[in-house]
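1. Output the structure for:
(chains A, B, C and D)
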Protein chains: 4
Amino acid sequence: MGGNVLGKNFVLVSFGESHGKCVGAVVDGCPAGLPLSEKDIQEDLDRRRPGQSTVTTSRAEEDKVEILSGVFEGYTTGAPICMVVWNFDVDSSKYYEFRDKPRPGHADYTARVRYGGFNDFRGGGRLSGRVTASFVMGGAVAKKLLREVLGVRVEAYTVKIGGVEAREVSDAGIERRYENPVRCPDFEAATRMIEVIEDVRRRGDSVGGVVECRVIGLPPGVGSPVFDTLEGDISRALFAIPAVKAVEFGSGVRAAELTGSAHNDPFTIRSGKIVTETNNAGGILGGISSGMPIVCRVTFKPTPSISKPQKTVDLTRGEETTIEVKGRHDPCIVPRAIPVVEAMVALVLADHAVTLGLIPPVIGGK
Amino acid sequence: MGGNVLGKNFVLVSFGESHGKCVGAVVDGCPAGLPLSEKDIQEDLDRRRPGQSTVTTSRAEEDKVEILSGVFEGYTTGAPICMVVWNFDVDSSKYYEFRDKPRPGHADYTARVRYGGFNDFRGGGRLSGRVTASFVMGGAVAKKLLREVLGVRVEAYTVKIGGVEAREVSDAGIERRYENPVRCPDFEAATRMIEVIEDVRRRGDSVGGVVECRVIGLPPGVGSPVFDTLEGDISRALFAIPAVKAVEFGSGVRAAELTGSAHNDPFTIRSGKIVTETNNAGGILGGISSGMPIVCRVTFKPTPSISKPQKTVDLTRGEETTIEVKGRHDPCIVPRAIPVVEAMVALVLADHAVTLGLIPPVIGGK
Amino acid sequence: MGGNVLGKNFVLVSFGESHGKCVGAVVDGCPAGLPLSEKDIQEDLDRRRPGQSTVTTSRAEEDKVEILSGVFEGYTTGAPICMVVWNFDVDSSKYYEFRDKPRPGHADYTARVRYGGFNDFRGGGRLSGRVTASFVMGGAVAKKLLREVLGVRVEAYTVKIGGVEAREVSDAGIERRYENPVRCPDFEAATRMIEVIEDVRRRGDSVGGVVECRVIGLPPGVGSPVFDTLEGDISRALFAIPAVKAVEFGSGVRAAELTGSAHNDPFTIRSGKIVTETNNAGGILGGISSGMPIVCRVTFKPTPSISKPQKTVDLTRGEETTIEVKGRHDPCIVPRAIPVVEAMVALVLADHAVTLGLIPPVIGGK
Amino acid sequence: MGGNVLGKNFVLVSFGESHGKCVGAVVDGCPAGLPLSEKDIQEDLDRRRPGQSTVTTSRAEEDKVEILSGVFEGYTTGAPICMVVWNFDVDSSKYYEFRDKPRPGHADYTARVRYGGFNDFRGGGRLSGRVTASFVMGGAVAKKLLREVLGVRVEAYTVKIGGVEAREVSDAGIERRYENPVRCPDFEAATRMIEVIEDVRRRGDSVGGVVECRVIGLPPGVGSPVFDTLEGDISRALFAIPAVKAVEFGSGVRAAELTGSAHNDPFTIRSGKIVTETNNAGGILGGISSGMPIVCRVTFKPTPSISKPQKTVDLTRGEETTIEVKGRHDPCIVPRAIPVVEAMVALVLADHAVTLGLIPPVIGGK
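-> Sure, this is the predicted structure:
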């Protein structure tokens, strides 16, 4: 009934609230022998942290990770790894209004119904974007495991903000994506994306976008259909990120308009390896990896927190009313979502790799 | 490692192969006391069956369900319900070629790698669309449970085939969707969709499309974030259907281009009930149902089986070659996918409803 | 809510009823490439079958297994393996009385409450010992997998019937256990056990006993504490067998009276291998295998079906009454439980071995 | 692969090590609206704490619980509840010897194999009895939930230490069990038990014992056979406690020697309620509660840490050697295990009660 446990053999447990003591993660099932330190996790947390540029909220969150268990003498021990980010004192006063007057586009109303009004609503509580810090902590462990043991790289980047789309997505651009604040591999598009974000911010509004994620180096044969497919497990994990409205693989929604002769990826041999000439499949056939890059796209809705007045209802009085959501909010969540998308994809792939024995219970030897 | 078990408390186990003895389903966790007969299941199986019109394959599959366990004196007993559809004798001879020469767009290659060549490749074996018959059997139980206990209706229908999109999706149209062979609520669009399918069929090609599914009557408060969200669990189940490339909720991929002020659904009161004026959320906020209709869209790729010659590789010889996939295939899988999409959505909702105690272990009394 | 799925990565799903169409099993997660035929499974089913001697019921059950899926060209395919034993026509008439007048020691009353009276009560329905045929089918696959891939042997045998205990349990005796009808490695004790059983049978009564199971060849390092311990998972599986009242490992209940200096097993080296001089641990320390034989003991209560009149209540009338359970019943369930105990232990070990990658997704190559 | 997640719908995740920063627990799936404070948890932790009498180790562990998440304004929120007990500075120096020279009866050797030597061996690390503090924290939540919502009481007490057995186990004795240091309801036996413990302590040895646990107030109909039986799930949870060698229900190992006519519990009616005259079943039939008290017995082996010299091997040198385990250890773990046994039983029952909807997602209203 809880819903805060992800995965089967490589497991992430998420806990903590936006305005509580901390946000935390327990990773259970990580093999023993992986070199791991707080530095490995901090790097991704820093990429998720707000206040890094004009396109994100200026709210200060230091977000320093502390590892509480599961690491000894610099290596994972095979025991559960508990990690926390302690929350600083925050001003929760403005949220008391939304307890009774749910913010449109937020989970205030549905959480109230689901938890009978006992939920910690401060800062969105458990259903705040802040909780994705726990995903990033778990994902950092998964990413390191995939990289060290299998040489797999998981890379997400922005491909769309509002009406602006990245045209050129090159390896070099992806490599350098963190050099622009929207994390877009197409730097020309990035400039226009920034303009879009600054424009909606000025208007007290917000805008959506699309993150693409590719996985390089995953061997063929990973996935367990008919239900534990790669697409199924990855999409499920991605929809845990607040604001996600769509998940596509390969050709995605464009597949509807294509013919089979245009969509089928012909098999061929390159450097002695079976590959496909195109990758409409997004690296997955029948729920199983083909050896081609996994490619998925994640659509984010515009941040629901906007400063314009909005219509809502007063749940206690049972009447219509109007609210304004004050404070500093991300006019576009996409740039900060990049490490979160990577985390979710990595968590799923680590789980599948452990399940299939590609990652053994002990790495290296002591 | 198996991957053929779906759900937590209301569970579907799928087994069987395209050209084996049968395709089967075990439903575990169905409450006792639900009136259930083979007729309840046959109706949905018939909708999935091929050979019903010019837009589907003319292959004859009788697909009669047999309930093997879990039903006694006309009611479910609380014990696992095993259901099978026995396969008729089929000609598997043509598939031996694809063992070594994988069909583009099919799972021949990835299954071979995943299962070391031991997989039953005949007719696509376990990764054939035929396996969705097991989903439909389980889904029929879930749908009946949701309808009888909660008054919930799960309705899927075609909204796009190739470049033709349904314009008007009305309650009346949805009600009558089975009156046209593409199961589209917009009958005018349906006519053009049929033309598109017949055109690609003539050219030995195929085409993709989009199925929309809506759920009416689900109370607010269903879903268990942060991981067991409605979107996550529904999308995971939908990606178990072969050929699905994208899953969207509410505004879906369009959300990327919208502003928050346009996307946020204002809360209001209608007939004393909290509702939203628009439904960009697709009936889900924070992974929890809002009481508004759940709306999701599923993109299907064009059927990979086309009669045109295609490039592939001979895996044994390690060289490039060409194949032709003969036989009768659906030029568009979308019309037959309608009951399958309904099944997957219903299975997930039944699981959540049981998990939250909305559906008790015993229905009615004896 | 169902409760009919056992295991995490190597999974057994049980279905079917005592007097329904069949008793069946689905094994999901069995690696591809295991040679498997109905003969492999039939052997263990035959050992569970009644009517083999004077110490078991004379009821005729042919119990021929049929494999419905998951095996192709003589090998497992990696797909779920569905197996069934079809039930013959049976006389269910006498059970209608027990619907309202629950038999003492049986699950008639508790099942009626749990399933609201909708349960198939004929022959005990789902809670009949007959359902263990599904355990044996799944266990046969697990045993073969353990034997072929890891060289592990799982061997159960009778060590106690009523007051008669086996004195000498030697390798040779265990090897020959099936040569006496009580399956006891101590043939002298076996003779007295048979007398005990025939004596209670004559008196229309029944008697309990103890089955010991040992596992030879399991490498050290198997088990995942703190919750997925070998003892925990094995005991859980064993308690699924009707009539089990206690599960002990190694020293078992005797441990209470021992001192640490007598109980601790000293480590030593034999033939270059780390072993312990004694095995009070039963081959498990901290929930993890030590490399010593796993040894567990399972206590079975006397068969509740006895022909003496018994006191019970009429649930409909709400008054006390008396019943007689007629028909042919096992005066002692222990001899037929031997292959069932082996099955449960093997299922758990196969699951752990698959989980830890000791058994890979594909065995051998094709 | 991790093994540190217990339960399905009411879930306990355990983390932390004996000599690490903390021992912690996450409870996921606890309904919203349960009044909960650190005081509720501290009470049981205090009962587990050492240094309370001459029969336990004099080691000082303050063991103050801190709730990190999931509680807001005095009530559970429905979000995961994370609780930790911070470890004080401890002297780990003596454990470095056991890294290479495993202590007999401890998990030093098996953990080293399982985790490739990367495990935190200090103080037994993850496989220390100290980890049961996390069970007690989770169990305290489960116990309160069962008590508040269902009026269920879970009560464990000592019934045997070495050769001394409790004769009289009365309600009054159980009520007052915490008044003697061995927590035995038979105060006369308690005196002799204390003598036994003090005697083995003087000799640098240790002794085992038996804990009985009874559950009062559980309604009939709880349990989900064939695999999710009450006995199976309870025994699995109990075997997570270090040193447990046997788990019995009702008549337990004595059942082997009884006849059916003596063992079957006759049904009768008392105050309009269906009960049984005896309770050899231990309150469970067919894996489902009967409404009679659940009764189970747990055998603990003697503490493996004894001060006598013991034979072991030097794993690095591959030769036999001798060690002495110095320091203060419990000569008998049984008295401190009482709240741990209660915790495990309560966790399982809470899980089953939530699964069957006996405990709803929200308690009370706000």
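
2. Let me know whether residue A:246 touches residue A:301 as I believe.
-> No - Residue A:246 sits out of contact with residue A:301 when judged by CB atoms under 8 Å, with a separation of 9.4 Å. Any C-beta I mention is one placed from the backbone N, CA and C, and that applies to glycine too.

3. Looking at these two, which is more packed in?
-> residue A:246 (32 against 29; other CB atoms under 10 Å in any protein chain shown).

4. starting at the chain centroid, how far to the helix or strand encompassing the more buried one?
-> In this structure, residue A:246 sits in strand A:244-249 according to DSSP states H and E. Relative to its parent chain, strand A:244-249 has a centroid offset of 12 Å by CA atoms, centre = their mean, to the nearest Å.

5. Mind checking what helix or strand follows it in sequence?
-> Next element after strand A:244-249 (DSSP H and E): helix A:260-263.

6. Next secondary structure after that following helix?
-> Taking DSSP H and E, what comes next after helix A:260-263 is strand A:267-270.

7. could you give the mean pLDDT of that following strand?
-> What strand A:267-270 shows for mean pLDDT is 97.

8. Give me the contacts around it.
-> Residues outside strand A:267-270 that contact it (CB atoms under 8 Å, 6 or more residues apart in numbering or on different chains) are A:274-277, B:102, B:104, B:109, B:311-313, B:318-320.

9. neighbours around whichever residue of the stretch 201-350 of chain A sits closest to chain D, how many?
-> Proximity of the stretch 201-350 of chain A to chain D (CB to the nearest CB) peaks at residue A:350, 10.7 Å away. By other CB under 10 Å, 33 other residues sit near residue A:350.

10. So what does it look like in phi/psi?
-> phi -60, psi -40 (degrees, to the nearest 10).

11. same thing with the one 5 residues further on?
-> Backbone torsions for residue A:355, taken as degrees, to the nearest 10, come to phi -60, psi -40.

12. need the residues of the stretch 1-150 of chain A near chain C, please.
-> Contact residues (CB under 8 Å from any CB of the partner chain) of the stretch 1-150 of chain A with chain C: A:8, A:9.

13. Show the contacting residues for the residue of the stretch 201-350 of chain A closest to chain D.
-> Counting by CB under 8 Å, 6+ apart, residue A:350 has contacts A:10, A:141, A:142, A:145, A:146, A:359.

14. For residue D:254, see how far away the residue nearest to it when sequence neighbours are not counted is.
-> Sequence neighbours aside, residue A:142 is the residue nearest to residue A:350 in space, at 3.8 Å (criterion: CB to CB, 6 or more residues apart in numbering or on different chains). According to CB to CB, to the nearest Å, residue A:142 and residue D:254 sit 50 Å apart.

15. just so I have it, where are all the helices in chain A?
-> A:38-48, A:96-100, A:108-114, A:132-145, A:171-175, A:187-202, A:230-238, A:260-263, A:334-355 (DSSP state H).

16. Reformat the ones you listed as TSV; add distance to residue A:211 and mean pLDDT.
-> TSV is the format used below for the helices of chain A (distance: least, CB to CB, whole Å; pLDDT from 0 to 100):
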stretch	distance to residue A:211	mean pLDDT
helix A:38-48	13	95
helix A:96-100	28	89
helix A:108-114	24	97
helix A:132-145	13	98
helix A:171-175	12	97
helix A:187-202	12	97
helix A:230-238	9	98
helix A:260-263	23	97
helix A:334-355	5	98
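
17. List the buried residues of stretch A:285-292.
-> For stretch A:285-292, a neighbour-count test (16 or more other CB atoms under 10 Å in any protein chain shown) marks A:285, A:286, A:287, A:288, A:289, A:290, A:291, A:292 as buried.

18. Compare residue A:142 and residue D:254 and say which is more crowded by neighbours.
-> Counted by other CB under 10 Å, residue A:142 and residue D:254 do not tie: residue A:142 has more neighbours, with 28 against 17.

19. Please identify the residues of the stretch 51-200 of chain A in proximity to chain D?
-> Counting by CB under 8 Å from any CB, the stretch 51-200 of chain A sits next to chain D at A:68-70, A:72, A:75-82, A:84, A:114-120, A:125-126.

20. among those, which are in strands?
-> A:72, A:75, A:76, A:81, A:82, A:84 (DSSP state E).

21. who's in contact with the first one?
-> By CB under 8 Å, 6+ apart, the contact list for residue A:72 reads D:17, D:20, D:118, D:119, D:120, D:125.

22. before we move on, back to that, who touches both of residue A:246 and residue A:301?
-> With CB under 8 Å, 6+ apart as the test, residue A:246 and residue A:301 both reach residue B:255.

23. do stretch A:241-254 and chain D meet?
-> No - Stretch A:241-254 lies apart from chain D when judged by CB under 8 Å from any CB; the minimum separation is 14.7 Å.

24. roughly how far apart are residue A:21 and residue D:209?
-> Taken as CB to CB, the span from residue A:21 to residue D:209 is 39 Å.

25. May I see the buried residues of stretch A:295-313?
-> Counting neighbours by 16+ other CB under 10 Å, stretch A:295-313 gives A:295-307, A:310-313 as buried.
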